[in-house]
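Q: this one's structure only:
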């Protein structure tokens, strides 16, 4: 028909809305994310894996603008590929986080994405770095994305130092589940990546297998 | 034949001589032999092997830091023969090219494409007056996802080719004849046979018996497709096997 406007979601920016979280445990890290990609009020992808590999034992969690975050991750992946060949061994998590931070800071006016970098290296074991707005900070755990606001209280109260791998994975799944319940821009399935000395394990937890809380 | 009006610069920069030769490129080949080392590459039925001498001329040198074998990507390895500094420059360029390819096109570069890229870069040096050709030759090895084991060589002239076996360096003519003879009947080479053939070739043309510390061996196999260098203990196993066969 004449004069019909295109659907609204075509002109909205595609954001990953998101809840992302990364936690360090004794001997490695666990990363978790939801899977919803929204353009305004429409969900354009309900099964997107927001945990992107930067190297064999270093992953990053994407949030904010989907395109910006993916592009940063791909650029850093390329830089780490060459860097690891030159140094002849696996790169440090700190190097990966610094590369992400450098891009985020240099282009902070044009980009709108936040990546949490986490992984395992031989020198310092499991580490989690936040790179929000171009800063670089090492933390025992980090949460990000729109859903994180709803779970700050939960993580602050429930986080304990020295959790083992299983407890860490359960903690991440609980946090994601709570955030996905309350945040409109987070949902779908939960993706989990566990990295330690022995390797990297990717897992998906489907919607009905997520833990339930008081109102479910 | 006329003298031509090249004013005698055809030996100094890469322009043609009246006979149609590029002297600088020919001198680059001579520079490869200057290092005095020889490297051999042999392709087996499910693996590829490269072997080179490890000469540590100075007793004060830390031999663990001396190497001519390099990873270009996790799956592509190479052995460099010739000028050390030129070799490192070419290796660095190869790593960057491989990384850029993966970034741009989303999949790992294959050995033949990487070799062609480096050969094209070497060709540019044969046409530019301001840059000299590199005095080194690279033998690349990899397990290609479609073609299996592959062995490629690229030289300062910008020529590249795939090989069943090849040799580069001071004794390359003798080594190439040896390899031609041994591979004439197109034998099926297992991994162990390929390694031992490469070592025997080197031992034969250099007329010396090697100790494990005097050799560097790099391999890619079907079971372990990532490029890796053998440890001294593994090299010793092959040397013993060769001695027992004789």
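A: Good, I have the coordinates. From a predicted model like this one, the values you see are computed outputs, not experimental measurements. Residues are numbered from 1 along each chain as shown, chains lettered A, B, ... in the order given.
Q: and the lengthiest strand in chain A, how far out from the chain middle?
A: Taking DSSP state E as the criterion, chain A has its longest strand at strand A:113-121. Computed by C-alpha atoms, centre = their mean, to the nearest Å, the chain-centroid distance of strand A:113-121 equals 7 Å.
Q: can you list the strands that it pairs with?
A: strand A:58-64 (antiparallel), strand A:125-130 (antiparallel) (DSSP bridges).
Q: the longest one: what's the following helix or strand?
A: What it means is strand A:58-64. Using DSSP states H and E, the helix or strand that follows strand A:58-64 towards the C-terminus is helix A:66-87.
Q: is chain A contacted by stretch B:44-63?
A: No. Figure legend: stretch B:44-63 not in contact with chain A (C-beta under 8 Å from any C-beta of the partner chain); closest approach 15.4 Å. Any C-beta I mention is one placed from the backbone N, CA and C, and that applies to glycine too.
Q: what residues sit buried inside that stretch?
A: Neighbour counts over stretch B:44-63 (16 or more other C-beta atoms under 10 Å in any protein chain shown) mark B:44, B:46, B:47, B:48, B:49, B:50, B:51, B:52, B:53, B:54 as buried.
Q: what does stretch A:200-211 give?
A: A:200, A:205, A:210.
Q: just the pLDDT at the last one, thanks.
A: Spelled out, it's residue A:210. Among the per-residue scores, residue A:210 holds a pLDDT of 91.
Q: distance of it relative to chain B?
A: 32 Å (C-beta to the nearest C-beta, to the nearest Å).
Q: and the first one, by the same measure?
A: From residue A:200 over to chain B the distance is 15 Å, taken as C-beta to the nearest C-beta.
Q: spit out the contact partners of that residue.
A: Contacts for residue A:200 (C-beta atoms under 8 Å, 6 or more residues apart in numbering or on different chains) come out as A:53, A:56, A:57, A:59, A:193, A:194.
Q: phi first, then psi, for it.
A: Residue A:200 has phi and psi values of phi -120, psi 130 when expressed as degrees, to the nearest 10.
Q: run through the bridge partners of it.
A: Here residue A:200, judged by DSSP bridges, has bridge partners residue A:195.
Q: hmm, back to that, what's the angle between the longest strand of chain A and helix A:66-87?
A: If you take axes from the mean of the first three to the mean of the last three C-alpha atoms, to 10 degrees, strand A:113-121 sits at 30 degrees to helix A:66-87.
Q: which SS class is residue 153?
A: With no chain named, the answer covers chain A. Recorded secondary structure, residue A:153: helix (DSSP: H, G, I helix; E, B strand; the rest coil).
Q: nope, chain B please
A: Per three-state DSSP, residue B:153 ends up strand.
Q: residue B:45 touches residue B:190, doesn't it?
A: Yes. Counting by C-beta atoms under 8 Å, residue B:190 is a contact partner of residue B:45 at 6.9 Å.
Q: list the beta-bridge partners for the residue most central in space within chain B.
A: In chain B, the residue lying closest to the centroid (C-alpha atoms, centre = their mean) is residue B:139, at 2.6 Å. Beta-bridge pairing for residue B:139 (DSSP bridges): residue B:79, residue B:153.
Q: so, low pLDDT: which residues of the chain?
A: No chain in the question, so chain A it is. Per-residue confidence for chain A (pLDDT under 70) gives these ranges: A:1-4, A:15-16, A:216.
Q: chain B, not that one
A: In chain B (pLDDT under 70), the answer is B:1-7.
Q: show me which helix runs longest in it.
A: helix B:84-105 (DSSP state H).
Q: deepest in the core, which of the strands paired with strand A:113-121 is it.
A: With neighbours defined as mean count of other C-beta atoms under 10 Å in any protein chain shown, those peak in mean count at strand A:58-64, which reaches a mean of 27.
Q: and the closest residue to residue B:194 other than its chain neighbours, how far from residue B:143?
A: Nearest residue to residue B:194, sequence neighbours excluded (C-beta to C-beta, 6 or more residues apart in numbering or on different chains): residue B:44, at 3.5 Å. In this view, residue B:44 and residue B:143 are 11 Å apart by C-beta to C-beta, to the nearest Å.
Q: likewise for residue B:150?
A: In terms of C-beta to C-beta, residue B:150 sits 8 Å off from residue B:143.
Q: any residues in contact with both of the two?
A: residue B:48.
Q: run a quick neighbour tally on residue B:161.
A: Residue B:161 has 13 neighbours, counted by other C-beta atoms under 10 Å in any protein chain shown.
Q: who's in contact with the helix or strand where residue B:52 lies?
A: Assigned by DSSP H and E, residue B:52 falls within strand B:47-53. With contacts defined as C-beta under 8 Å, 6+ apart, strand B:47-53 is touched by B:37-43, B:68-69, B:77-79, B:81, B:139, B:141-143, B:149-151, B:190-191, B:194-195, B:198-199, B:202, B:206, B:214-222.
Q: sweet, I'm off.
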